[in-house]
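Asker: After the sequence you'll find the predicted model.
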There are 2 protein chains.
Amino acid sequence: MMDLQVTANIRESTRVLAISGGVGGAKLALGLSHLLGPEQLTIVANTADDFEHLGLHISPDLDTLMYTLAGLDNPVQGWGLDGESWTVMDALEALGGETWFRLGDRDLATHLYRSAQLRAGRRLSEVTRDLCSTMLVEHPIVPMTDDVVATMIETGGSLISFQDYFVKQSCAPSVQSISFVGAERAQPHPLWFNQLFDSELDAIIVCPSNPFVSVDPILSLPGVRDAIRETSARVIAVSPIIGGQAVKGPAALMLKQLGHDVSAWGVGEYYREWVDTLVIDQLDATLSARIEDLGLKVEVLPTMMNTLEERVCLAAAVLEMVKRP
Amino acid sequence: MMDLQVTANIRESTRVLAISGGVGGAKLALGLSHLLGPEQLTIVANTADDFEHLGLHISPDLDTLMYTLAGLDNPVQGWGLDGESWTVMDALEALGGETWFRLGDRDLATHLYRSAQLRAGRRLSEVTRDLCSTMLVEHPIVPMTDDVVATMIETGGSLISFQDYFVKQSCAPSVQSISFVGAERAQPHPLWFNQLFDSELDAIIVCPSNPFVSVDPILSLPGVRDAIRETSARVIAVSPIIGGQAVKGPAALMLKQLGHDVSAWGVGEYYREWVDTLVIDQLDATLSARIEDLGLKVEVLPTMMNTLEERVCLAAAVLEMVKRP
């Protein structure tokens, strides 16, 4: 599988659970998938950004992970499929339809397929497995839950849906609080949740995803936070903040608006209760001591992942940590 | 509007209601639309073929009429849009999705738009008006009803939906009976229904559509058959059967399977109770006397409508009849 000049000395028994949102998380998940077999790596994806649009069930993070691991992702725009066409959207625009959420033609087929399967009574996890299988993705990508959980953003005293905030309003509204409607009644999917209680799980790797809207929804599911606190596995998080900025998306904005320090230190402070080790970028090396003062181990690595090689290198470096006591 | 060398001497006050199904009906409706203004012609369309597919509300006859009058129809396949692309269907097929009902990319936009509007609580007639307006169709195309009516085909002792019979099974099952579920509770749309009671309506033109699954659903709505029997307007039907065959679709098959004569005479016998005049093709001229014996007037005309000129010519000839006592 590995065409790259990255060597990683990884035990065959190594078992990893990766927690991921969309784009940033998918980059590291892709790197991990190049070094670990399908039996060694499970990727649990945030589904609280999922929404119904034009009658279709859209799962942005599942799709980004799936397209990325299938090598079908669009590397420029960071979402959707590479070489996508826009015939349907253009025609819908001409009709005066809703086009603020851009759905490419081939991407639409994914949503049509998923929606039809869900209407037929199948579970999101089953449909995801089918889609991955068709796209020759071997590593299990598991929705955090088969139940409906919706991220809601409180802004200006009212609640708006995540996609309204994120896409329609381009993260312009100031975020006062974030809630995950339905989380308290949702069941974490056993395919990943049970691993938290498995002594053979070596590490939980928190991919560089948005702490508030990608990672928190997963942690908000019943029993997850406690299980992660008590797991025997290492919990290693990669900071999504580099040099005080998010690589993509509103993570930095949200840190600020929610009263946190806009830095890798701020991420460490937010994660400290359930994470052992924070991986920060070389740009942030001077923060190491302060992050260690939070009670966290710190690893300084190049964490920008523009190329496939950088993704695999970061994955290899993180997996090296897993071996160490 | 008329670029063709067809002259028709039509009074400006002429008012016509055209009853139409899909392809064949749309050809004559297009011809009529070239000779009558939007105030003079209303087209009522069968909606009992409408169905939910892939979560979309699809209205095949409304769309065929709309695309045909907009000049956007595919003249070769007889349905859908000209110059259509199939990116979504191809991708859906690769995913193992349902592709027996072929939806082109731009056609999909129509269904996405319509479905979203209906979910938002708008009526089918309102959405149809919007779509027509965007496509610069000036003549009113009115769904027979805003309520749900579904054509069901009885075959081998069980009921199947019309699209299952027509598209999925290519009209292979033998038809024992046809029913229109919901018709008895549906309200005919007032935009066309009220015209039946209007003394200024000069003619009802029954386009060459399938008597059983395009025309009958409209007649099955409460009050319609009685109103047509009692209207002061002429009722002129164009036979969809030419030389014992249907130009397109299962009209001839259904005549046979339902125990009727497979000929223009069979159509006349089926329509005799509510139609005044049957227009038959020159190929069927020898049937004239027998059809007159049914109590119908007969007009023999070239009724094949391959070209726009033929469509307008037939429309002109039919409108000439309206003037005569």
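Answerer: Arrived safely.

Asker: Near A:Arg185, how many other residues are there?
Answerer: When neighbours are counted by other C-beta atoms under 10 Å in any protein chain shown, A:Arg185 registers 12. The C-beta positions use only the backbone N, C-alpha and C, and glycine is treated the same way.

Asker: Spell out the residue ranges of the strands in the stretch 101-250 of chain A.
Answerer: Using DSSP state E, counting those that start in this stretch, the strands of the stretch 101-250 of chain A run over residues A:141-143, A:150-155, A:158-161, A:177-181, A:203-206, A:234-238, A:241-242, A:245-246.

Asker: outside of the fifth one, which residues touch it?
Answerer: This means strand A:203-206. Strand A:203-206 is contacted from outside by A:14-19, A:28, A:32, A:196, A:215, A:228, A:231, A:233-238, A:271, A:275, A:318-319, A:321-322, using C-beta atoms under 8 Å, 6 or more residues apart in numbering or on different chains.

Asker: Give me the pLDDT for the spatially closest residue to A:Arg11 that is not a sequence neighbour.
Answerer: Ranked by C-beta to C-beta, 6 or more residues apart in numbering or on different chains and with sequence neighbours excluded, the top spatial neighbour of A:Arg11 is A:Lys323, at 7.2 Å. Per-residue confidence (pLDDT) for A:Lys323: 79.

Asker: For A:Lys323, which residues are in contact?
Answerer: With contact taken as C-beta under 8 Å, 6+ apart, A:Lys323 is in contact with A:Asn9, A:Ile10, A:Arg11.

Asker: And it, how far from chain B?
Answerer: When distance is defined by C-beta to the nearest C-beta, to the nearest Å, A:Lys323 is 39 Å away from chain B.

Asker: Any idea how many residues pack against the residue in the stretch 201-325 of chain A that chain B sits nearest to?
Answerer: For the stretch 201-325 of chain A, the residue positioned closest to chain B under C-beta to the nearest C-beta is A:Leu308, at a distance of 24.3 Å. Number of residues near A:Leu308 (other C-beta under 10 Å) recorded here: 17.

Asker: Which ones among the contacts of A:Lys323 lie within strands?
Answerer: Judged by DSSP state E, these include no members of strands.

Asker: how about these in JSON lines, adding neighbour count?
Answerer: Shown next, in JSON lines, are the contacts of A:Lys323 (neighbours: other C-beta atoms under 10 Å in any protein chain shown):
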{"residue": "A:Asn9", "neighbour count": "8"}
{"residue": "A:Ile10", "neighbour count": "19"}
{"residue": "A:Arg11", "neighbour count": "11"}
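
Asker: Among the residues you listed, name the least confidently predicted one.
Answerer: Ranked by pLDDT, those bottom out at A:Asn9, which has 73.

Asker: if I look at it, how far off is chain B?
Answerer: From A:Asn9 to chain B the distance is 38 Å (C-beta to the nearest C-beta).

Asker: can you pull the contacts of that residue?
Answerer: Taking C-beta under 8 Å, 6+ apart as the criterion, A:Asn9 is in contact with A:Glu320, A:Lys323.

Asker: Do you have the helices of chain A handy? List them.
Answerer: Ranges of helices in chain A, per DSSP state H, are A:23-35, A:60-69, A:87-94, A:105-119, A:124-134, A:162-163, A:190-193, A:216-219, A:224-230, A:251-257, A:264-271, A:288-293, A:308-323.

Asker: Quick one, which of those gets closest to B:Ala91.
Answerer: When the helices of chain A are compared by C-beta to C-beta, helix A:105-119 sits nearest B:Ala91, at 3.4 Å.

Asker: avg pLDDT for the closest one?
Answerer: Computed over helix A:105-119, the average pLDDT equals 97.

Asker: So for it, what gets flagged as buried?
Answerer: A:105-118 (16 or more other C-beta atoms under 10 Å in any protein chain shown).

Asker: now swap in stretch A:245-265 and tell me
Answerer: Residues A:246-247, A:249-258, A:260-265 are the ones in stretch A:245-265 that count as buried (16+ other C-beta under 10 Å).

Asker: for stretch A:231-242, same thing?
Answerer: Applying a neighbour-count criterion of 16+ other C-beta under 10 Å, one finds A:Thr231, A:Ala233, A:Arg234, A:Val235, A:Ile236, A:Ala237, A:Val238, A:Ser239, A:Pro240, A:Ile241, A:Ile242 buried in stretch A:231-242.

Asker: Run the chain-centre distance for it.
Answerer: Mean C-alpha position of stretch A:231-242 versus that of the full chain (C-alpha atoms, centre = their mean, to the nearest Å) differs by 13 Å.

Asker: Would you mind measuring the gap between the ends of it?
Answerer: 28 Å (C-alpha to C-alpha, to the nearest Å).

Asker: where does A:Asn210 fall, phi/psi-wise?
Answerer: Dihedral angles of A:Asn210 (phi, psi; degrees, to the nearest 10) stand at phi -60, psi 120.

Asker: show me the contacts for it.
Answerer: Counting by C-beta under 8 Å, 6+ apart, A:Asn210 makes contact with A:Gly21, A:Gly24, A:Pro240, A:Ala246, A:Gly249, A:Pro250, A:Ala251, A:Met254.

Asker: of the residues you listed, closest to A:Cys171?
Answerer: A:Cys171 has its nearest neighbour among the contacts of A:Asn210 in A:Pro250, at 4.3 Å by C-beta to C-beta.

Asker: ok, A:Pro217 - how many residues close by?
Answerer: A count of neighbours around A:Pro217, defined by other C-beta under 10 Å, yields 28.

Asker: measure the nearest residue in space to it that is not next to it in sequence to B:Ser20 for me?
Answerer: If you skip the residues right next to it in sequence, A:Pro217 has A:Ala48 as its closest partner in space, 3.6 Å away by C-beta to C-beta, 6+ apart. Distance, A:Ala48 to B:Ser20, using C-beta to C-beta, to the nearest Å: 48 Å.
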